[in-house]
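Visitor: Build me a model:
(chains A and B)
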Amino acid sequence: MQTSFTAGPLRWLKANPIWGFVVLIFIFFSVAADNFFAVNNFTNILLQSSTIGLIALGMTLVMLNGNIDLSVGATLALAASVAVDMQGWEVFADWGSWAILPAVLSALLVGVLMGAINGFIVWKTGVDAFIVTLGAMLGIRGIVFIYTQEQSFYAADFAYSDFGMSSVGPIPTLAFIFLAFTLFVHLLLTRTVHGRNTYAVGGNREAAINAGIKVGPHMLVNFMIVGFFAALAGVSLSTQMGAATPNLGREYELWTITAVVLGGTKLTGGVGSIVGTLGGVLAIGIMRNGMNLMQVSGFYVLVILGTILITVLILDKQFNRRTNEELRL
Amino acid sequence: MVLSRLKGAGPAVARQGLLIAFIVFMIGFGLVSERFLSLDNIASVLRQSTIIGVMALGVTIVVIGGNLDLSVGSMLSFSTVLVVDLHDKVGPEIGIPMMFAATLTLGAINGFLVGVMRLNSLIVTLGMLSAIQGLILIYSGGQNVDISNQSGTWFRVFGRESFMNIAVPIWIFLSLALILHLIMSYTPFGRRVFAVGGNPTASVFSGIKRSRVVFTTYMISAFCVGVAALILGSRVMGSQNTVGQGYELLVLAAVILGGTSLLGGAGNILKTVIGVLMLGFIQNGLLLMGQPYYTQWLVTWIVIILAVWLDVAAKRGKLFSPIA
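Guide: Numbers count the residues shown, from 1 in each chain, chains lettered A, B, ... in the order given. Have a look, this model is predicted:
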């Protein structure tokens, strides 16, 4: 699956057509929308994309395995609630701003735990991940409501929301975190045994088992990773708002899957890359930002995104008739 | 293990697992709360389940055909806003057929893309979910719609009236369930849907027009959404733009709970009805026990996974998955 640069940029583009689309809409909005072509706006797009983007990194791993995670939106809300609520606990009263540290760590841990529950159930019961995480989507949302008693939490310590506004040089810290993790997961996928196994399990599960890969624990790890990223996205979102609401992250699972699929990852597993996913995330981010600047109602963005998703699918079908499934039966 | 014996000893028992779980569950709740099994309460649960229920009937058929339909939630928003808005603009006599025409057009688009173009149904209907939600927001300009003369219109029949002491929505739900069950069980079309979902390749070799069958399943699903929109619009006499948001997954949960396999080729309309009722009674039972409404989501999580797990385990004759 490694893209070889010696094969030329054209082949690279053929493997990642979404980047062609990203360049096209980038040029389009640069010409058509005032204020689009500005460094300030670019960092803005990165920041706006980072929430969906973080989850999409983990989702790519899970989908490469041939699984899916519909519970990420609920996990995001749970982690955001834990992060904001816990820093106000009595126990941490004299910790000052340091109280944020255990709160955020606990939030991330909760995310990993939720992912572990999903992964464990998928591993042990053999129930399809779609069903397991569909249940978890409802169940974890239930836990969020039980935990928060339907209340929104507000961060009393301004250091928390200051962090959400801060920058590393010209890049917003949250966008920087997203980019750093993008690189990290890309390397994980292309340079490590775990990454190779991820493709192997999704490509042919039987063969992976025969090759001695412990498929169950392997999938569990990837579910824990997506849980971690959903939680990180929750923390990131709550630092931007300085608050957490129990309904946070609704429908994020659908947006994330859209981004990952736009990036060329196949639902059947085995095919896809982080480079593609980044393209998918940016495509959605640029579309939303550009249309917003052109004062096109968000309603149209929904229609256009849906249309693009289906168009990409049709194009993909036309250009990649390879497997048996594609035969006209 | 009891389950390891299930396969040999009583496949019939395993197959009726849902029904047994449902009965045990009803008795359990009945013991805790005396109001639970009262006729009034059962009628009210039935009435509240009709929207999800009617939609679940159509989705069951799509799923048996081997596909998914995630667009039904957005489509419900679309159809409900349309039927309510058209009620005051052109009257219900013309508005209702117009709503059905528009809804069936959406179903036809789904059916064309999945059935004829052979695209992945999850992604197609995910795209449609987004597009249809956008369409209805553009149509209504983001405003809620309502019917001005709520007591003087015959449109109230669908959601607010009763026939022989039973609410009309319940009649609609149960008779639609019966009709679709008969179609799926006793007509060539029903057999074709099972064949296409069970083994697409074999079905084509045996001369079934797969495209047409899949197309029709999406038309049926769209029709069911139209019926649900009638009930919802008539009950509320108004609609928000996002009224159906999130319904697609609740509906799917009911279908799965009813034992329909997401792989296609297996499922039963009447069991979907039980799945729908189970979701409704979980919610109702927990409320009667004084639990807040969101506890039902937690319980639903556990019930869905247990139900599907037992189903899968009974089929393979082993409790735990053989995955290493």
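
Visitor: List the residues that contact residue A:177.
Guide: By C-beta atoms under 8 Å, 6 or more residues apart in numbering or on different chains, the contact set of residue A:177 is A:50, A:54, A:232, A:236. Backbone N, C-alpha and C define where each C-beta goes, glycine included.

Visitor: before we move on, what about residue B:235?
Guide: B:158-160, B:169.

Visitor: Between all of these, which two are separated the most?
Guide: Farthest pair in the contacts of residue B:235 (C-beta to C-beta) is B:160 and B:169. Separation: 9.0 Å.

Visitor: in the stretch 51-200 of chain B, which spans are strands?
Guide: With strands called from DSSP state E, counting those that start in this stretch, the stretch 51-200 of chain B shows them at B:145-146, B:162-163, B:166-167.

Visitor: Deepest-packed of the ones you listed, please.
Guide: Between the strands of the stretch 51-200 of chain B, strand B:145-146 has the highest mean count of neighbours, a mean of 19, where neighbours are mean count of other C-beta atoms under 10 Å in any protein chain shown.

Visitor: For that strand, name the packing helices and strands.
Guide: If contacts are counted by 3 or more C-beta pairs under 8 Å, 6 or more residues apart in numbering or on different chains; DSSP states H and E, strand B:145-146 sits against helix B:72-90, strand B:238-239.

Visitor: highest average neighbour count across those?
Guide: Compared across the helices and strands packed on strand B:145-146, helix B:72-90 shows the largest average neighbour count, a mean of 25 (mean count of other C-beta under 10 Å).

Visitor: ok, is it in contact with chain A or not?
Guide: No: using C-beta under 8 Å from any C-beta of the partner chain, helix B:72-90 never reaches chain A; the gap is at least 9.2 Å.

Visitor: Average pLDDT for that helix, rounded please.
Guide: For helix B:72-90, the mean per-residue pLDDT is 90.

Visitor: next one: stretch A:248-260
Guide: Per-region confidence: stretch A:248-260 scores 87 on mean pLDDT.

Visitor: is it anywhere near chain B?
Guide: Yes: against chain B, stretch A:248-260 shows contacts by C-beta under 8 Å from any C-beta at A:250-251, A:254, A:257-258.

Visitor: Quick one: buried ones out of those residues?
Guide: Buried subset of these (neighbour count, 16 or more other C-beta atoms under 10 Å in any protein chain shown): A:250, A:254, A:257-258.

Visitor: before we move on, back to that, now tabulate the helices and strands packed on strand B:145-146 in JSON lines and tack on distance to residue B:220.
Guide: Supplementary listing: those in JSON lines, determined by distance: least, C-beta to C-beta, whole Å:
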{"stretch": "helix B:72-90", "distance to residue B:220": "12"}
{"stretch": "strand B:238-239", "distance to residue B:220": "23"}
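
Visitor: and residue B:176, which of those is closest to it?
Guide: Of the helices and strands packed on strand B:145-146, nearest to residue B:176 by C-beta to C-beta is helix B:72-90, at 14.7 Å.

Visitor: so which of the helices and strands packed on strand B:145-146 comes closest to residue B:206?
Guide: Closest approach to residue B:206 among the helices and strands packed on strand B:145-146 (C-beta to C-beta): helix B:72-90, 30.0 Å.

Visitor: tell me what that closest one is packed against?
Guide: When contacts are defined as 3+ C-beta pairs under 8 Å, 6+ apart, helix B:72-90 sits against helix B:39-64, helix B:92-111, helix B:121-140, strand B:145-146, helix B:210-236, strand B:238-239, helix B:247-257.

Visitor: mind saving the C-alpha coords of the third one as CSV?
Guide: So the one you mean is helix B:121-140. In CSV, the C-alpha atoms belonging to helix B:121-140 read as follows (Å, rounded to 0.1, in the frame of the first residue of the first chain):
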residue,chain,number,x,y,z
SER,B,121,-25.7,1.2,0.2
LEU,B,122,-24.2,2.4,3.4
ILE,B,123,-22.4,5.3,1.7
VAL,B,124,-25.1,6.1,-0.7
THR,B,125,-27.8,6.4,2.0
LEU,B,126,-25.3,8.2,4.2
GLY,B,127,-24.9,10.8,1.4
MET,B,128,-28.6,10.9,1.0
LEU,B,129,-29.1,11.5,4.7
SER,B,130,-27.0,14.6,4.4
ALA,B,131,-28.5,15.8,1.1
ILE,B,132,-32.1,15.2,2.1
GLN,B,133,-31.6,17.1,5.4
GLY,B,134,-30.1,19.9,3.4
LEU,B,135,-33.0,19.9,0.9
ILE,B,136,-35.7,20.2,3.6
LEU,B,137,-33.9,23.0,5.3
ILE,B,138,-33.6,24.8,2.0
TYR,B,139,-37.3,24.2,1.3
SER,B,140,-38.5,25.5,4.7
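
Visitor: List the buried residues of it.
Guide: For helix B:121-140, the buried set under the neighbour-count rule, 16+ other C-beta under 10 Å, comprises B:121-137, B:139-140.

Visitor: which ones among these come in contact with chain A?
Guide: Within the buried residues of helix B:121-140, those near chain A by C-beta under 8 Å from any C-beta are B:122-124, B:126-135, B:137.

Visitor: Now tabulate those in a markdown table and tack on pLDDT.
Guide: What follows is those, written out as a markdown table (pLDDT from 0 to 100):
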| residue | pLDDT |
| --- | --- |
| B:122 | 85 |
| B:123 | 85 |
| B:124 | 89 |
| B:126 | 84 |
| B:127 | 87 |
| B:128 | 90 |
| B:129 | 88 |
| B:130 | 85 |
| B:131 | 90 |
| B:132 | 92 |
| B:133 | 89 |
| B:134 | 88 |
| B:135 | 90 |
| B:137 | 89 |
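
Visitor: Cool, thanks, signing off.
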